[in-house]
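S.K.: Predicted structure and sequence below. I'll ask about it afterward.
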Amino acid sequence: MSDAIDDLIARFMLQSNRPVPARLQAAMALLERLFDDPTLELGAHLAAKGSSGLASHETFGKKAHAHFDLAPINKIHGRRSSNLGEWGAPLLEIVRATNFETMNSRERENCIRSLQQPFAARLRAILEQEPLVARISGRSAVAVVKDVIKQADEKGKAGEVAQYLVAAKLELRFGRKLPLAPANKGDRKSRNDPNARLGDFEIDNTVIEIALGLPDEKHLTQVCESLEDSEKEIWLITRMDRVGTWSKELEYTEGVDVRRVVTTSVEAFVGQNVSELGEFTTKGKAKQLRALFALYNERWVSNLGTPGIRVDVR
């Protein structure tokens, strides 16, 4: 059974000898549909006649990924780019060859999970091993950082990547090493914890906190607690498209003195300094971007991250 799946992947799901995530994800979704509809005719599973997507494609894709604890690389699970028409029927024939139609419900569940496993394993390898790519030619530093964060988001690693990029930028800018600490570790757990950090980074009188999600109680509380020290200034760093949302939420949060809070994006926070250090020249910017990602890879990812969040500069 595993050999048959390996052969199917080799025949239909590679591009330039590399697995295509959308096709692997769509295969998992098709197999997941068999829990609700065990029919082994492809047409019964399509959204519409002649469609290239499954009925409830993303719903079943999410269920399959949740079972294997996988972050979806392709957010719509290959609904538009899976080439389902080429390999869907052959995959269902592999299922048929297991005598699936005569199995009881428990046997069918075991069968489906076993068939999904090779697809999940390849997706996990992509998530864990394939590096992020920084394409620097013809792009501003802000655009380069934005694209890297977008790629990290597809792996479910945007917060971690953003935090280590900010750390690398601070080290590049000040020429000194920061204490190594894993992403989202070390935040204050209680007001009686004297050793926890007020934010992700503390530099002299400034607390820096990375919060890529929407405003939440945890981060708002951290900002309020940091501001209890009248000398502290807070830099809250989020996504470019959430700066306005955070700014408005902080403005209306009791206990937040917005005169001591700077809300900005990770793209701008990192990208602006890179451009300045490069003296706003194309060559200088490229040199500083390479230096940034070298620090990020060698200091932060090597010590705290996984190979899948390394950044290759091209």
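M.R.: That came in fine, so what should we check first? Residues are numbered from 1 along each chain as shown.
S.K.: buried sites along the host helix or strand of Ala121?
M.R.: Element membership of Ala121, judged by DSSP states H and E, is helix 105-129. Across helix 105-129, burial judged by 16 or more other Cβ atoms under 10 Å covers 108, 111-112, 115-116, 118-120, 122-123, 126-127. The C-beta positions use only the backbone N, C-alpha and C, and glycine is treated the same way.
S.K.: Tell me which residues are up against stretch 151-168.
M.R.: 71-75, 127, 132-133, 145, 148-149, 178, 183-184, 200-201, 208, 210, 212-213, 237, 266, 269-270, 292-293, 295-296, 299-301, 304-305, 308-309 (Cβ atoms under 8 Å, 6 or more residues apart in numbering).
S.K.: just to revisit the earlier point, chain center to the helix holding Ala121, what's the gap?
M.R.: 20 Å (Cα atoms, centre = their mean, to the nearest Å).
S.K.: Can you list the helices and strands that the helix or strand following that helix packs against?
M.R.: Heading C-terminal from helix 105-129, the first helix or strand you meet, by DSSP H and E, is strand 132-134. Applying 3 or more Cβ pairs under 8 Å, 6 or more residues apart in numbering; DSSP states H and E, one finds that strand 132-134 contacts helix 141-154, strand 311-313.
S.K.: now, of those, which is deepest in the fold?
M.R.: helix 141-154 (a mean of 20; mean count of other Cβ atoms under 10 Å).
S.K.: in this protein, which segments are predicted with low confidence?
M.R.: 49-52, 184-196 (pLDDT under 70).
S.K.: Please enumerate the helices of this structure.
M.R.: Secondary structure of the chain by DSSP state H: the helices cover 2-12, 21-33, 57-67, 84-96, 105-129, 141-154, 158-174, 217-226, 243-251, 266-277, 282-295, 302-304.
S.K.: Among the buried residues of helix 105-129, which one lies nearest to Val243?
M.R.: Leu127 (28.3 Å; Cβ to Cβ).
S.K.: mind listing what the closest one touches?
M.R.: Counted by Cβ under 8 Å, 6+ apart, Leu127 has contacts 70-71, 73, 155-156, 308.
S.K.: Closest to Phe100 out of those residues?
M.R.: Nearest to Phe100 among the contacts of Leu127, with distances taken as Cβ to Cβ, is Leu70, at 23.4 Å.
S.K.: How about that closest one: what's its closest non-neighbour residue?
M.R.: Leu123 (5.7 Å; Cβ to Cβ, 6 or more residues apart in numbering).
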